[in-house]
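Enquirer: build me a model:
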Amino acid sequence: MTNPTGGAPQGNWQAPPPGGAPGGFNPNMQQVAAEPGPAPGVTYADLVTRIIAVVIDGLIVGIAFAVLSAVLGMMGWIGSLVAALAFAGGSAAYFVYGWTTMRASFGQKFLKLETVSAADGATLTQQQAIRRWAFLLGPAAAVQIVTALPFLWALGGILGLVAGLYELYLLYTCSQSSKRQGLHDTQAGTVVIKHA
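Expert: Got it, this is the predicted structure:
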């Protein structure tokens with residue numbers, strides 16, 4: 001069965017093994033070979049294409065946040081806090097809407113990627129999309145909120161470093177999965193695919 005919007009075939013997929021790469025941790029830190037795609041004409045999205053999609057989405061969300069921050073920043077730290085909260089909510093809405101209605105964010109759509117349910121290739125449920133956003137971008141949103149508070153700036157710097165390391169860990173987990181599932185994907189039961 002195919003998606004009426006022309007998306008990936010649905011219903012004939014097998015659930016991926018839990019934990020990503022077979023055997024778990026790869027001590028050589030080399031990328032695990034990707035499995036063939038789950039359906040004809042569909043492959044698991046490679047890391048480089050996924051990173052480019054994230055950069056495109058980051059520019060879209062980042063520009064909106066920069067404009068909002070410039071306007072609200074004139075109100076002092078309260079304005080900065082409101083802007084950070086708006087960034088968290090807006091970022092979540094942007095990705096959850098894209099994943100649940102178009103099967104992709106705008107950056108992913110531009111590169112012919114889709115984020116779908118790993119179990120059967122179906123469109124993500126709202127719960128899956130929220131969970132994926134929380135594991136993918138929740139830490140970065142939390143850092144924005146903490147750094148907006150003047151009495152937590154020092155903590156914000158430390159949390160920013162931790163969040164950056166966490167994002168690198170997500171990339172590592174993607175590279176160690178034969179289906180290119182990062183921690184955020186396994187936690188939400190999702191996979192990113194590319195159409196031929």
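Enquirer: contacts only, for Gln116.
Expert: Just so we're on the same page, residue 116 is Val rather than Gln. Gly7, Ala8, Arg103, Ala122, Thr123, Leu124, Thr190, Val191, Val192, Ile193 (CB atoms under 8 Å, 6 or more residues apart in numbering). From N, CA and C alone the C-beta is placed, and that goes for glycine too.
Enquirer: ramachandran coordinates for it?
Expert: The phi/psi pair for Val116 (degrees, to the nearest 10) reads phi -130, psi 170.
Enquirer: name the helix or strand for Ala86, please.
Expert: Using DSSP states H and E, Ala86 sits within helix 77-97.
Enquirer: what residues sit buried inside that helix?
Expert: By 16 or more other CB atoms under 10 Å, the buried positions in helix 77-97 come out as 79-84, 86-88, 90-92, 94-96.
Enquirer: closest to Lys179 among those residues?
Expert: Phe95 (20.2 Å; CB to CB).
Enquirer: now the residue most central in space within the chain: how far from Tyr94?
Expert: With distances taken as CA atoms, centre = their mean, the chain has Leu136 as the residue nearest its mean C-alpha position (4.5 Å). Distance, Leu136 to Tyr94, using CB to CB, to the nearest Å: 12 Å.
Enquirer: what comes into contact with the helix holding Ala86?
Expert: 57, 60-61, 64-65, 68-69, 71-73, 75, 105, 126, 129-130, 132-133, 136-137, 141-142, 144-145, 147-150.
Enquirer: with just CA atoms, put that helix into PDB.
Expert: Presented in PDB, the C-alpha positions along helix 77-97 are these (Å, rounded to 0.1, in the frame of the first residue of the first chain):
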ATOM      1  CA  TRP A  77      16.000  39.400  30.200                       C
ATOM      2  CA  ILE A  78      12.300  39.000  30.400                       C
ATOM      3  CA  GLY A  79      12.000  39.600  26.600                       C
ATOM      4  CA  SER A  80      14.900  37.200  26.100                       C
ATOM      5  CA  LEU A  81      13.100  34.500  28.200                       C
ATOM      6  CA  VAL A  82       9.900  35.000  26.200                       C
ATOM      7  CA  ALA A  83      11.900  34.700  23.000                       C
ATOM      8  CA  ALA A  84      13.600  31.500  24.200                       C
ATOM      9  CA  LEU A  85      10.200  30.000  25.200                       C
ATOM     10  CA  ALA A  86       8.800  31.000  21.800                       C
ATOM     11  CA  PHE A  87      11.800  29.400  20.100                       C
ATOM     12  CA  ALA A  88      11.200  26.100  22.000                       C
ATOM     13  CA  GLY A  89       7.400  26.100  21.200                       C
ATOM     14  CA  GLY A  90       7.900  27.300  17.600                       C
ATOM     15  CA  SER A  91      10.700  24.800  16.900                       C
ATOM     16  CA  ALA A  92       8.500  22.000  18.300                       C
ATOM     17  CA  ALA A  93       5.500  23.100  16.200                       C
ATOM     18  CA  TYR A  94       7.600  23.400  13.100                       C
ATOM     19  CA  PHE A  95       9.000  19.900  13.200                       C
ATOM     20  CA  VAL A  96       5.900  18.100  14.700                       C
ATOM     21  CA  TYR A  97       3.700  19.700  12.000                       C
END
